[in-house]
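[1] What follows is a protein structure lacking sequence information:
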């Protein structure tokens, strides 16, 4: 890893990358591969050299810790007034240092939709498949069409899968659901199926994107990584980004960029920094006393997140040799015919997980396992609102989870499918009893879903790529109306991808780096 030395900081770099998550780490590495280029990578969190990060099975301990931004959405009437936690990584590696480490590329229809929105084939499924083939070091069954073997990113099917996960594959087969070698590849080109989970875990250790791209024995003297650096705004002069303003502890710094500034701060912090820089909806910025640099009404709009029912739990007949809080198996299914992609994801986990509301009224046994029915293609759209002009002023996160009635219907269907799978004959050796939700009539099932609905922490789409009035960046990720400023993280997605978002964010980073290298002939 590059040595972090505040005393050696310069006030000027060629490129400033803000955020060291699954996009920012990629961009910093690819730019710094050219020794003639100077790169500053800014991260608000710390190093993350702790057992809770290193041990992939310890991921729940990171939620609510100093490695978490600890965002919270506004109370939501569609969730019986609950306010959902919006956990996001605040540490080198961002979400890839605190998440469950699933590698889920997104569906073919997602990427082809992005290409149409961007107006360029670089975002198409075939184009990003070529990138995946280059960056993956796939350790599963051979698939030369879909999987790469020589890349930086170690990916494998979940090692030593638990017997309950293997039984779930049998259960799915009995219901006519096709079984695949991987949750990526062919399964993401059609109507879905089931597979063991693809994970970025090796010998039980987490492989964050930061570590894979930047933990190298070769010191890159042209790359400076600064932790504890809170970016608060972009310095803009004459509609051109010239650098960033940030706080390191109590001290304010301005770092200047010779070439470009790249925001990779995630779908909450990126729009916040844009708005605090005068880039956003003029009707929101002016009342806060923020001078409007460019009227971009889409900043903070189009908020999307996957939503899961956290509370579908079955008790084991006897304690298994070991329990794993990671995802063991994945199903991607269509809730009805006639849609172009699976809109349901169901994750099987080896320990019990329940929302606080469910846990308050049901005695959850420790020796149990879970199914996590999830909206893979939510229709509910939320928004972010800046509460003040100062760096410490927060954001109101209006997630609007389950606001669209169609989402409630699909999630109820997903719960019913999960119950059918878990209560099948193939699963009987692993079921003493169904703990929750058990048999429910339709009104009771609706209330269960509203009480158990939780974020999957895939916040996205708040500075979307496209060509309409609410688009914030174009197909080259350049912010409309401002030169030398790009956004490269989950903010730019026109819609949330089918499945977990870490892998798509790596692709966003790779494409951003290629665009920058092409522009500056690096």
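    Structure's in. What do you need? Everything numeric here is computed off the predicted structure, so don't read it as measured data.

[2] low pLDDT regions in this protein?
    Within the chain, the stretches with pLDDT under 70 are 1-7, 216-219.

[3] And the next helix or strand past the top strand by length along it?
    Longest strand in the chain, counting residues (DSSP state E): strand 251-263. Moving toward the C-terminus from strand 251-263, the next helix or strand (DSSP states H and E) is helix 266-276.

[4] tell me the angle of that next one relative to strand 251-263?
    Between helix 266-276 and strand 251-263, the angle comes out at 110 degrees (axes from the mean of the first three to the mean of the last three CA atoms, to 10 degrees).

[5] What ranges does the stretch 201-350 of the chain have for its helices?
    209-214, 266-276, 282-285 (DSSP state H, counting those that start in this stretch).

[6] How about the contacts made by the closest residue to residue 302 other than its chain neighbours?
    Take residue 302 and drop its neighbours on the chain: the residue closest to it by CB to CB, 6 or more residues apart in numbering is residue 461, 4.6 Å away. Quick note: C-beta positions are derived from backbone N, CA and C, even for glycine. Under the criterion of CB atoms under 8 Å, 6 or more residues apart in numbering, the neighbours of residue 461 are 267, 302-304, 490-491, 493-496.

[7] Kindly recompute the last result at 6 Å.
    By CB atoms under 6 Å, 6 or more residues apart in numbering, the residues touching residue 461 are 302, 304, 493.

[8] Residue 364 now?
    Contact analysis of residue 364 by CB under 6 Å, 6+ apart lists 352, 354.

[9] repeat that with 7 Å
    313, 352, 354, 435 (CB atoms under 7 Å, 6 or more residues apart in numbering).

[10] Report the two of the residues you listed separated the most.
    Among the contacts of residue 364, the pair separated by the greatest distance (CB to CB) is 354 and 435, at 8.7 Å.

[11] mind listing the helices in the stretch 1-150 of the chain by residue range?
    Counting by DSSP H, counting those that start in this stretch, the stretch 1-150 of the chain has helices at residues 24-32, 51-54, 108-118, 125-135.

[12] which of the ones you listed sits most buried?
    When you average the neighbours per residue for each of the helices of the stretch 1-150 of the chain (mean count of other CB atoms under 10 Å), helix 24-32 leads with a mean of 28.

[13] who does that one touch, helix- and strand-wise?
    With contacts taken as 3 or more CB pairs under 7 Å, 6 or more residues apart in numbering; DSSP states H and E, helix 24-32 sits against strand 12-18, strand 39-42, helix 209-214, helix 502-520.

[14] Just say which of these is most tucked in.
    Using mean count of other CB under 10 Å, the stretch among the helices and strands packed on helix 24-32 with the largest mean neighbour count is strand 39-42, at a mean of 27.

[15] quick one: contacts of that strand?
    So strand 39-42 is contacted by 13-18, 20, 24, 28, 31-32, 222-226, 229, 231, 246, 255 (CB under 7 Å, 6+ apart).

[16] for residue 209, what are its contacts?
    Residues near residue 209 by CB under 7 Å, 6+ apart: 22, 25-26, 93, 96, 506.

[17] tally of neighbours for residue 412?
    Number of residues near residue 412 (other CB atoms under 10 Å) recorded here: 19.

[18] Ok, residue 343 next?
    Using other CB under 10 Å: residue 343 sits among 25 other residues.

[19] Could you give the backbone dihedrals for it?
    Phi and psi for residue 343, reported as degrees, to the nearest 10, are phi -110, psi 0.

[20] Identify the residue nearest it in space, chain neighbours excluded?
    residue 377 (4.1 Å).

[21] That neighbour contacts residue 345, correct?
    No - Residue 377 is beyond contact range of residue 345, at 9.3 Å (criterion: CB atoms under 7 Å).

[22] Sweet, I'm off.
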